[in-house]
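**Student:** My questions are about this predicted structure, shown below with the sequence.
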Amino acid sequence: MIRPYPPTLEDIPISNKNPSFTDLLRSPTLLLAFGFGSGLAPKAPGTFGTLAAIPLWLLLCQLPLSLYWAVVAISAIAGIYICGRASSKLAVHDHSGIVWDEFVGLWIALAFIEPQLTSIIVGFLLFRFFDIVKPWPISWLDKQVGAGIGIMIDDVVAGFFAAIVIVVISNLGFL
């Protein structure tokens, strides 16, 4: 099919499966998918992406809870497109540098805590635990669901698992 308009930078595929920061700056989709560059970390990009989500969470947690959840929901829905588009552009399903899903998952995990260092560390560690270990049904979702929703769903569920544990340990007086 011939496009009636010239291609944009978004339309040009990345031939290198590991984009550079310059590639991210040329593509708003890749910039978001790679967590503003945090996903370019050579080791543990998911962990670096999760860390990069904390400053944004510190802004989000100031919102009323209903608005907070609206932003998280919009970010998750947008993430389906963002992660799917980045995955297609790189021709790699769930490239390790795609960390927008970690952003959203952490925001879910931290939804019910106060912005205190101990709580943030516990939330971070619990989210990373569930995201890395992938207990059922997270592992099943990770293997069975494809495209952008597949990239997002395991981290969203990991975020909810972490949030549940945080609420339980908070109610027991440990946080």
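**Tutor:** Structure's in. What do you need?
**Student:** residues in contact with the residue nearest to P137 when sequence neighbours are not counted?
**Tutor:** Computed as Cβ to Cβ, 6 or more residues apart in numbering, the closest residue to P137 that is not its neighbour in sequence is V157, at 6.8 Å. No exception for glycine: its C-beta is placed from N, CA and C like everyone else's. V157 makes contacts with F130, P137, I138, L141, as judged by Cβ atoms under 8 Å, 6 or more residues apart in numbering.
**Student:** If any of the residues you listed are buried, put those into a ChimeraX selection.
**Tutor:** In ChimeraX, this line selects whichever of the contacts of V157 come out buried by 16 or more other Cβ atoms under 10 Å:
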select :130,138,141
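**Student:** separation between L106 and A158?
**Tutor:** Separation of L106 from A158 (Cβ to Cβ, to the nearest Å) stands at 9 Å.
**Student:** Also K143?
**Tutor:** In terms of Cβ to Cβ, K143 sits 14 Å off from A158.
**Student:** between these two, who's got more neighbours?
**Tutor:** Using other Cβ atoms under 10 Å as the criterion, K143 and A158 rank with A158 on top: 29 against 11.
**Student:** which residue is nearest the middle of the chain?
**Tutor:** Relative to the mean C-alpha position of the chain, the nearest C-alpha, by Cα atoms, centre = their mean, is the one of D101, at 2.0 Å.
**Student:** so G159 touches E102, yeah?
**Tutor:** No: using Cβ atoms under 8 Å, G159 is not in contact with E102, being 9.1 Å away.
**Student:** so what sits against both of the two?
**Tutor:** Common neighbours of G159 and E102 (Cβ under 8 Å, 6+ apart) are F127.
**Student:** still on that earlier bit, which residues are common contacts for L106 and A158?
**Tutor:** Common neighbours of L106 and A158 (Cβ under 8 Å, 6+ apart) are F127.
**Student:** roughly how far is the helix or strand containing the residue nearest to P137 from the heart of the chain?
**Tutor:** Secondary-structure element containing V157, defined by DSSP states H and E: helix 147-171. Here the centre of helix 147-171 is set off from its chain's centre by 11 Å, with Cα atoms, centre = their mean, to the nearest Å.
**Student:** Flag every buried residue along it.
**Tutor:** Here helix 147-171 shows 148-163, 165-166 as buried, counting by 16+ other Cβ under 10 Å.
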